[in-house]
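Chemist: need a structure here:
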Amino acid sequence: MESKNGFARLMQQWVFLGPALLFFTVIVLAPFLMSIYYSFTEWNGVTSHIKMNGLDNFKHIIFDDKDYHNAFWFTTRFSITSVILTNLVGFLLALMLTQALKTRNVLRTIFFMPNVIGGLLLGFIWQFIFVKGFAMIGELTHIGFFELPWLGDAPTSFWAIVIVSVWQGSGYLMIIYIAALMNVPKDMVEAAYIDGATRWQMLRQITLPLIMPAITVCLFLTISWSFKIFDLNFSLTKGGPFGSTESVSINIYQEAFRNNRYGLGTAKAFVFFIVVAIISTIQVVYTKRKEVEV
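Modeler: Purely as a prediction, here's the structure:
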């Protein structure tokens, strides 16, 4: 009888988990393992003959591929800047919209809306704003900020992508931070206020430690978003001017689908995956240690 019950429970588990496991294997796991195999080849994505070349792709990436190095440096700079600013803006919006404001629900909706718009569409909208809108405002007002060549110069192109990325992602993080702030015990905040704690002391000593799980999630999300940036980067600058804003994702895309070097492209993607996985793991482990229990 017990064996029949155990078999029935096993079948129930497979009925519920089987389809999800099958789709995960076909859509995620199998392509991932195939990409690892192709990273050790010279396959061009067309011919049926696949020639193994060992570690040559990885040697080329590490020692010789200057374009990949430049793309990695740009992606690293962009990720650091975007992660800090997106989390900062999202947290400040959450602090503001957890106050007793009559329009806070409307403002939450407004600030979250950019996240609903797709990255490519958002990039083309902001490309029009930077090229046409800012230029027109600059002609009328002669304010230097609007007269800058936002997508025509390397430094301003970098900050243009950062601005759009922060504008898109901060509203999503705002929702997570709002949920965390609303769960901070009110009696603990009131006790600290009665004891004479300042707003900064309450924020640093009470609020931030108690919302550390939300900070862990938000940092993980923004790190993965910023390192994998493709759609905004592609629609705004296409990696220009002169490759100065080319992200690693665009470099991999160019290598695999434009140059038809799928083996080298998958090797770049695999190296990129390892680096991002290490950085994300370190971040999660570090911030998890900072979490406290109420």
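
Chemist: use CA for all of it now, contacts and neighbours both
Modeler: OK.

Chemist: secondary structure element for residue 240?
Modeler: Assignment of secondary structure by DSSP states H and E places residue 240 within no helix or strand.

Chemist: from what I can see it touches residue 250, true?
Modeler: No. At 10.9 Å, residue 240 does not count as touching residue 250 under the criterion of CA atoms under 8 Å.

Chemist: Distance-wise, check residue 56 relative to residue 261.
Modeler: Residue 56 sits 13 Å away from residue 261, taking CA to CA, to the nearest Å as the criterion.

Chemist: quick one on the thing from earlier: when residue 240 and residue 250 are compared, which one has more neighbours?
Modeler: Taking residue 240 and residue 250 together and counting by other CA atoms under 10 Å, residue 250 has the greater number of neighbours (21 against 18).

Chemist: The more buried one contacts residue 237, correct?
Modeler: No. Counting by CA under 8 Å, residue 250 does not reach residue 237; the two are 10.9 Å apart.

Chemist: can you tell me the helix or strand for the nearest residue to residue 151 once chain neighbours are set aside?
Modeler: In space, and not counting its chain neighbours, residue 151 is closest to residue 157: 4.7 Å by CA to CA, 6 or more residues apart in numbering. Taking DSSP H and E as the criterion, the element that holds residue 157 is helix 154-182.

Chemist: Packing partners of that helix?
Modeler: Packed against helix 154-182 by the contact rule (3 or more CA pairs under 8 Å, 6 or more residues apart in numbering; DSSP states H and E) you find helix 66-97, helix 104-116, helix 212-227, helix 231-236.

Chemist: any idea of the angle that helix forms with helix 66-97?
Modeler: For helix 154-182 against helix 66-97, the angle by axes from the mean of the first three to the mean of the last three CA atoms, to 10 degrees is 40 degrees.

Chemist: Any idea how many residues pack against residue 262?
Modeler: Burial of residue 262, expressed as a neighbour count using other CA under 10 Å, amounts to 25.

Chemist: no no, residue 279
Modeler: Look at residue 279: counted by other CA under 10 Å, it has 13 neighbours.

Chemist: Now find how far off-centre the helix holding residue 157 is within its chain.
Modeler: 10 Å (CA atoms, centre = their mean, to the nearest Å).

Chemist: likewise stretch 29-45?
Modeler: For stretch 29-45, the gap between its own C-alpha mean and the chain's C-alpha mean amounts to 25 Å (CA atoms, centre = their mean).

Chemist: now could you export just the CA positions of that stretch as PDB?
Modeler: Listed in PDB are the C-alpha atoms of stretch 29-45, where the atom choice follows Å, rounded to 0.1, in the frame of the first residue of the first chain:
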ATOM      1  CA  LEU A  29      19.700  23.600 -21.100                       C
ATOM      2  CA  ALA A  30      20.200  22.000 -24.500                       C
ATOM      3  CA  PRO A  31      21.200  25.200 -26.300                       C
ATOM      4  CA  PHE A  32      23.500  26.100 -23.400                       C
ATOM      5  CA  LEU A  33      25.300  22.800 -23.700                       C
ATOM      6  CA  MET A  34      25.400  23.100 -27.500                       C
ATOM      7  CA  SER A  35      26.900  26.600 -27.200                       C
ATOM      8  CA  ILE A  36      29.700  25.300 -25.000                       C
ATOM      9  CA  TYR A  37      30.500  22.600 -27.600                       C
ATOM     10  CA  TYR A  38      30.400  25.200 -30.500                       C
ATOM     11  CA  SER A  39      32.800  27.500 -28.500                       C
ATOM     12  CA  PHE A  40      35.600  24.900 -29.100                       C
ATOM     13  CA  THR A  41      35.000  24.900 -32.900                       C
ATOM     14  CA  GLU A  42      35.400  27.000 -36.000                       C
ATOM     15  CA  TRP A  43      31.800  26.600 -37.100                       C
ATOM     16  CA  ASN A  44      30.400  29.300 -39.300                       C
ATOM     17  CA  GLY A  45      26.800  28.500 -38.700                       C
END
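
Chemist: contacting residues around that stretch?
Modeler: Here stretch 29-45 makes contact (CA atoms under 8 Å, 6 or more residues apart in numbering) with 49-57, 256, 260-268, 270.

Chemist: Sort out which residues of that stretch are buried, please.
Modeler: Neighbour-count burial for stretch 29-45, with 16 or more other CA atoms under 10 Å as criterion, is recorded at 35, 38, 39, 40, 41, 42, 43, 44.
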